[in-house]
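1. for reference, the sequence and a predicted model appear below.
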Amino acid sequence: MGSAGLPAGRVVYTAEEMNSPAVVFILSSAKLTFSAGETGPAEGKFNFTAGFFASHHQDSRSVDRNQREEAMKDFRNKKDTALRQDVAGTLASLQGRADEFGLSDADIAMLTDANEQFGDDIFQAMRLEFEKRSAVEKKNSSRSEVVFAINTIARKVYANPAVDDEMLSSIGLAVRPNYRTRTHPVAPTPLVALPQGDGGVVLLRWKRNGNSEHTIFTIWARGVAEPDRIVGSTKATKMKLEGFTPGVTQYFHVTATVNGETSSRSNTGSIYAGMSLRKAA
């Protein structure tokens, strides 16, 4: 025969009535298992193919390895604290029984030491994580205080008319927006008036025409043979108004106000111009 470390040749075996075809190699002798119902002579000679035992051994090792890998997945997938607790449970169950499982005191000591070190490292990692979160919260709190303080100072600086743009730049503050330097608002145009259905609602739209976003637009309205009246104000460039009688002519215009100065009127927009309301007889 040809197997690991053994010369090719013939093996003396003892044959008995057996239930399944298998060969078990035991040091200097071999037992041959025949299929059920067959009986061999008391002794004889049998030839094994080269590599039979090596192949059989490799197959067994492969099966063992696969089973071991499958069993170990349970440990690998556990979270830290669960793994430590489960290993501690295993160690407790092995107390006084190590020899039953073919384990030595050194094996138990190795696992015990590793699990204790693992527990210490878990605690250390949790402590550092807590300290990190605390440090981040403290940093964010300090940042809020800095932002509040610089905003307080900036408001005072910007409110001081004696501080010009060059002075602002010298201390790292942005220069004042352009709207601060604009002293003459211009008329918003073109103005468009659009009636919305028959519920007495009108939508007014106009363009900023170069006025800043801080400009206040005032909307004026008047009926036929009626004086102008203010019907609204906004910083936007459109406004929806209610309370107008459907079919009754209304005229609108808009003015712009900034830095205490008001512009000339926009063009006139109207609704129902040229129409007259018929009164019931």
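-> Nice, thanks for sending it over.
2. would you map out the domains in the protein?
-> Following automatic domain parsing, one finds the domains of the chain at 1-77, 78-176, 182-271.
3. could you dump those into JSON lines and include mean pLDDT?
-> Listed next are the domains of the chain as JSON lines, based on pLDDT from 0 to 100:
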{"stretch": "domain 1-77", "mean pLDDT": "50"}
{"stretch": "domain 78-176", "mean pLDDT": "89"}
{"stretch": "domain 182-271", "mean pLDDT": "89"}
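4. point out the most buried one among those domains.
-> When you average the neighbours per residue for each of the domains of the chain (mean count of other C-beta atoms under 10 Å), domain 182-271 leads with a mean of 16. For every residue, glycine as well, the C-beta is placed using N, CA and C.
5. so Ile219 makes contact with Leu241?
-> Yes. Between Ile219 and Leu241 there is a contact under C-beta atoms under 8 Å: 7.2 Å.
6. give me the common contacts of these two.
-> Counting by C-beta atoms under 8 Å, 6 or more residues apart in numbering, the common neighbours of Ile219 and Leu241 are Leu204, Val231, Gly232.
7. give me the element the second one is part of.
-> When secondary structure is defined using DSSP states H and E, the element that contains Val231 is strand 229-234.
8. which other helices and strands contact that strand?
-> When contacts are defined as 3 or more C-beta pairs under 8 Å, 6 or more residues apart in numbering; DSSP states H and E, strand 229-234 sits against strand 216-223, strand 238-241.
9. quick one: the helices in the stretch 51-200 of the chain?
-> 52-76, 80-94, 105-159, 165-170 (DSSP state H, counting those that start in this stretch).
10. got these as CSV, with distance to Asn211 columns?
-> What follows is those, written out as CSV (distance: least, C-beta to C-beta, whole Å):
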stretch, distance to Asn211
helix 52-76, 69
helix 80-94, 64
helix 105-159, 21
helix 165-170, 21
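11. now the angle from the strand holding Val231 to strand 216-223?
-> Angle of strand 229-234 versus strand 216-223, following axes from the mean of the first three to the mean of the last three C-alpha atoms, to 10 degrees, is 150 degrees.
12. so what strands line up beside strand 229-234?
-> Using DSSP bridges, strand 229-234 pairs in its sheet with strand 216-223 (antiparallel).
13. hang on, isn't Lys207 packed against Val192?
-> No. Look at Lys207 against Val192 with C-beta under 8 Å: they stay out of range, at 9.7 Å.
14. grab the nearest non-local neighbour of His253.
-> Using C-beta to C-beta, 6 or more residues apart in numbering and skipping residues adjacent in sequence, the residue nearest His253 is Arg265, 4.5 Å away.
15. Leu203 versus the one you found, what's the distance?
-> The gap separating Arg265 from Leu203 is 19 Å, by C-beta to C-beta, to the nearest Å.
16. and if you look at Thr255?
-> According to C-beta to C-beta, Thr255 and Leu203 sit 19 Å apart.
17. ok, Leu173 next?
-> Here Leu173 is placed at a distance of 41 Å from Leu203 (C-beta to C-beta).
18. what do you get for Gly102?
-> Here Gly102 is placed at a distance of 90 Å from Leu203 (C-beta to C-beta).
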